[in-house]
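Student: Pasting the sequence and the predicted model now:
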Amino acid sequence: MGEASAQIVTVETKQGNIYVKGRLSCDRVSPEPRTTLFAGPLDAKLTEFAAVLPDARQDPGFGLGAYGALNPQGWVVGPALALPPLRLPLFGVQAEVTGAVGFGPGGAQGAATVVLRRSGS
């Protein structure tokens, strides 16, 4: 059985910087005798600390795919290209654009799609 403990003090400056100071420790409680496994000071400026955390939601970059379609003259196939999302914060949405071109017995054919998605979803 173990026990973790933290003694922490948080300070926020008038400029909005957040500092955290304290001490963290982890002890083995049983079997007896109680033993400290590790302990040490904590000193972090959260405005810097938060910057090293990975972004939970990263926007995708360019995408490449395949396009296929049927028309009265026959079929066409070709490449499709998805562009990175374009954020439109004034309207609260982001636009996702995909373009494609296909060639085959059905001739030449192009297509494009625009999907509007609420920002943050």
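Tutor: It's in. Numbering: from 1, shown residues only.
Student: How about Gly22, nearest residue that isn't a chain neighbour?
Tutor: Nearest residue to Gly22 in three dimensions, chain neighbours excluded: Ile8, at 3.6 Å (C-beta to C-beta, 6 or more residues apart in numbering). For every residue, glycine as well, the C-beta is placed using N, CA and C.
Student: Val20 is in contact with that neighbour, correct?
Tutor: Yes: with contacts counted by C-beta atoms under 8 Å, Ile8 reaches Val20, the gap being 6.1 Å.
Student: Need the residues touching each of the two.
Tutor: Leu42 (C-beta atoms under 8 Å, 6 or more residues apart in numbering).
Student: out of those two, which sits in the more crowded spot?
Tutor: Val20 (14 against 10; other C-beta atoms under 10 Å).
Student: With just CA atoms, put the helix or strand hosting Ala80 into CSV.
Tutor: Applying DSSP states H and E as the criterion places Ala80 in strand 74-82. What follows is strand 74-82, C-alpha atoms only, in CSV (Å, rounded to 0.1, in the frame of the first residue of the first chain):
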residue,chain,number,x,y,z
GLY,A,74,-19.3,5.8,-67.7
TRP,A,75,-16.9,5.9,-64.7
VAL,A,76,-14.0,8.2,-63.7
VAL,A,77,-11.3,7.8,-61.1
GLY,A,78,-8.6,10.1,-59.8
PRO,A,79,-7.0,11.8,-56.8
ALA,A,80,-8.7,13.8,-54.1
LEU,A,81,-7.1,16.5,-52.0
ALA,A,82,-8.4,17.7,-48.6
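Student: Now do the buried residues in it.
Tutor: Across strand 74-82, burial judged by 16 or more other C-beta atoms under 10 Å covers 76, 78, 80, 82.
Student: which residues does the last one bridge with?
Tutor: When bridges are taken as DSSP bridges, the partners of Ala82 come out as Gly63, Thr98.
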